[in-house]
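S.K.: Next input, structure requested:
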Amino acid sequence: MAKLLSRLFFLLAAFCWLNWHMAVVASAANVPGNTAAGCRNISPVFRSLSNRLVADGFERSLVCQIFSDSRIRFDSRIMPRKITHDETKLHYEKFLRPERIGRAHSYLVANQELLKHIEKDYGVPSEVKVAILLVETDLGRYLGSGLAVNTLASMAVADDFERLKPYLPGEYKNMPAKDRRCVEKRMKSKAAWAYSELKSLIIYSELNNLDIHTLKGSIFGAIGLCQFMPSNALRFGVDYDRDGKVDLFSPPDALASMANYLRFYGWQANMADSRQMKVIMHYNHSRPYARTVLKVAKQVR
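M.R.: Numbering: from 1, shown residues only. I've put the predicted structure just below:
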């Protein structure tokens with residue numbers, strides 16, 4: 001009951017914050033001078049983005065504080081990676097090597113009490129959670145080399161083909177006009193997606209009193225041990241250790257949030273392997289990924 005009340009309290013707080021945010025957004029267009037103009041030290045590449053965030057209802061002081069920080073940098077590599085990324089070329093077989101399976105088994109044993117509690121509450125087997133944690137972040141050993149805010153902000157402003165052309169692979173530089181239009185369309189779509197995730201990241205960090213300038217992320221902006229995109233952190237994040245915040249860099253919150261996500265997408269006891277595959281593919285839309293997770297899970301039991 002205490003866990004349920006804690007979860008309901010967090011959801012209520014999030015709901016109230018989001019309602020307030022939407023109310024501000026609804027009136028933002030009618031507020032004269034509602035931009036980040038005057039903020040010091042904002043890189044020119046992020047000025048339009050900062051203005052857009054303020055116009056969308058974020059506090060001007062908050063936007064200034066985020067984008068005036070010296071740790072905020074544009075990364076020209078992000079969008080080219082996104083539009084050329086090929087999931088099928090990832091080498092998932094490395095996670096089946098004996099040393100990694102051994103470390104995963106040791107992690108399961110060392111955290112068995114926590115894992116069993118979460119399994120009881122959400123119905124997702126401990127070995128499945130550990131397998132996903134292994135494939136996502138090598139059990140927390142690798143959380144990404146850059147800041148999630150830089151990744152998402154860099155992608156959000158990278159919708160100009162000519163600007164990114166020098167950073168694209170050779171075959172993208174002199175492509176036929178029809179193919180270029182397709183790439184430009186993808187860039188604009190990815191930029192819009194990244195902007196939405198950036199807003200979610202700001203809301204997530206503010207709700208949970210986390211310093212956005214310290215949140216490491218993947219090459220596409222996923223955060224935490226469980227590698228949630230910020231929108232999923234808001235939707236599925238669980239304050240499992242009941243410390244008043246959802247911290248996806250903390251094992252209790254990350255593992256419970258992962259289990260909450262899988263349960264939402266249909267995880268049940270005694271499912272056939274084919275059904276387990278479908279649920280795990282909601283976590284990562286890759287059949288090789290899902291197959292690897294299930295193989296790891298079977299070996300670490």
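S.K.: Now the longest helix along the chain: buried residues?
M.R.: In terms of residue count, the longest helix belonging to the chain (DSSP state H) is helix 177-207. For helix 177-207, a neighbour-count test (16 or more other Cβ atoms under 10 Å) marks 183, 187, 190-191, 193-195, 197-205, 207 as buried. For glycine as for every other residue, the C-beta is placed from the backbone atoms N, C-alpha and C.
S.K.: need the next SSE after that helix, C-terminal direction.
M.R.: Heading C-terminal from helix 177-207, the first helix or strand you meet, by DSSP states H and E, is strand 216-217.
S.K.: starting at the chain centroid, how far to that following strand?
M.R.: The chain centre lies 9 Å from the centre of strand 216-217; the measure is Cα atoms, centre = their mean, to the nearest Å.
S.K.: One more: stretch 161-176?
M.R.: Between the centre of stretch 161-176 and the centre of its chain there are 27 Å (Cα atoms, centre = their mean).
S.K.: pLDDT of it, averaged?
M.R.: Averaged across stretch 161-176, the pLDDT comes to 84.
S.K.: and the gap between the most centrally placed residue in the chain and residue 84?
M.R.: What sits nearest the mean C-alpha location of the chain, by Cα atoms, centre = their mean, is residue 229, with 1.9 Å. Going from residue 229 to residue 84 by Cβ to Cβ, to the nearest Å gives 20 Å.
S.K.: Could you list every helix and strand in contact with the longest helix of the chain?
M.R.: For helix 177-207, the elements it packs on are helix 2-28, helix 44-55, helix 60-67, helix 78-84, helix 148-156, helix 161-164, helix 230-236, judged by 3 or more Cβ pairs under 8 Å, 6 or more residues apart in numbering; DSSP states H and E.
S.K.: cutoff 6 Å now
M.R.: Applying 3 or more Cβ pairs under 6 Å, 6 or more residues apart in numbering; DSSP states H and E, we find helix 177-207 packed against helix 148-156, helix 230-236.
S.K.: what sits against residue 216?
M.R.: Contacts here follow Cβ atoms under 6 Å, 6 or more residues apart in numbering; on that basis residue 216 touches 143-144.
S.K.: what's across from it in the sheet?
M.R.: Legend: beta-bridge partners of residue 216 under DSSP bridges are residue 147.
S.K.: can I assume residue 136 is in contact with residue 224?
M.R.: No: taking contacts as Cβ atoms under 6 Å, residue 136 lies outside contact range of residue 224: 9.0 Å.
S.K.: Those two: which is more packed in?
M.R.: Of the pair residue 136 and residue 224, residue 224 is the one with more neighbours under other Cβ atoms under 10 Å, namely 29 against 25.
S.K.: separation between the more buried one and residue 117?
M.R.: The gap separating residue 224 from residue 117 is 19 Å, by Cβ to Cβ.
S.K.: Got the phi and psi for residue 159?
M.R.: When read as degrees, to the nearest 10, the backbone of residue 159 gives phi -120, psi 10.
S.K.: Pretty sure residue 133 sits in a helix.
M.R.: Yes: counting by DSSP: H, G, I helix; E, B strand; the rest coil, residue 133 is part of a helix.
S.K.: Just give me the neighbour total for the nearest residue in space to it that is not next to it in sequence.
M.R.: In this structure, residue 133 finds its nearest non-sequential neighbour in residue 139, 5.5 Å apart by Cβ to Cβ, 6 or more residues apart in numbering. Look at residue 139: counted by other Cβ under 10 Å, it has 19 neighbours.
S.K.: thought residue 139 was touching residue 107?
M.R.: Yes: here residue 139 lies in contact with residue 107, judged by Cβ under 6 Å, at a distance of 5.1 Å.
S.K.: got any ranges where the stretch 201-301 of the chain has weak pLDDT?
M.R.: Within the stretch 201-301 of the chain, not a single segment meets pLDDT under 70.
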